[in-house]
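**Student:** Provided below are the primary sequence and the corresponding predicted coordinates.
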Amino acid sequence: MSPSSRNEKTLMNTDSTDYSHPTETLLRSIDVHTLLPQQEPFVMVSTLAHFDETTTATETLVRPDNLFVDNGVLRTTGMIENIAQTCAARIGYYNKYILKAGVQIGVIGAVRKMKVSGHPHVGQQFWTTVTVVEELLGMTLANAEITCEGKTLATAQIKLAVKEQ
């Protein structure tokens, strides 16, 4: 059993932990791979940094081996995938730590109102924040923002469908 797996088992066995209102320290101790249906080399999200009733934030370090990096820059398609993975991390956290269920697979239904003013470069760390607007019948509508070094790089609205288990 890996140290992160032992750490997560300890987290899940702690009865006094309020997973609905997790601390940043608790979130950062979770191996994000356990929350996502994606596997390497497709995983982009580095850390789940924030979770509450409506908002989730992740941090991502742009690595040179990222499938969406071209000439040292993360392409717009990579930014869209990162938004989707932030949504997946939200669903994964909610399922695993609140519902005590498995990871669900979701698909992007639509990306609308995408505005891009810049792209992160290899070696930069950026934040993706997703705010749920509406959830209904396995569909989630959310607003997303990607920021890097204090600047907004992209905003979008994303619609996701989650496959029932």
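**Tutor:** Cool, the structure landed.

**Student:** starting at the chain centroid, how far to whichever strand or helix holds residue 56?
**Tutor:** Secondary structure assignment for residue 56, by DSSP states H and E: strand 55-61. Strand 55-61 has its C-alpha centroid displaced from the chain centroid by 6 Å (Cα atoms, centre = their mean, to the nearest Å).

**Student:** Tell me which residues of that strand come out buried.
**Tutor:** The neighbour-count check on strand 55-61 (16 or more other Cβ atoms under 10 Å) flags 56-60 as buried. No exception for glycine: its C-beta is placed from N, CA and C like everyone else's.

**Student:** Name the nearest of those residues relative to residue 83.
**Tutor:** Checking the buried residues of strand 55-61 against residue 83 by Cβ to Cβ gives residue 58 as the nearest, at 9.5 Å.

**Student:** What's the per-residue pLDDT of the closest one here?
**Tutor:** pLDDT, residue 58: 98.

**Student:** ok, now the one 3 residues further on?
**Tutor:** Note for residue 61: predicted pLDDT of 97.

**Student:** same check, this time on residue 64
**Tutor:** Residue 64 carries a pLDDT value of 96.

**Student:** Show me where this structure has its strands.
**Tutor:** All strands of the chain, identified by DSSP state E, fall at 47-51, 55-61, 69-70, 73-74, 106-116, 125-136, 139-148, 151-162.

**Student:** any idea which residue sits dead centre in this structure?
**Tutor:** Centroid check for the chain by Cα atoms, centre = their mean gives residue 86 as the closest residue, at 1.8 Å.
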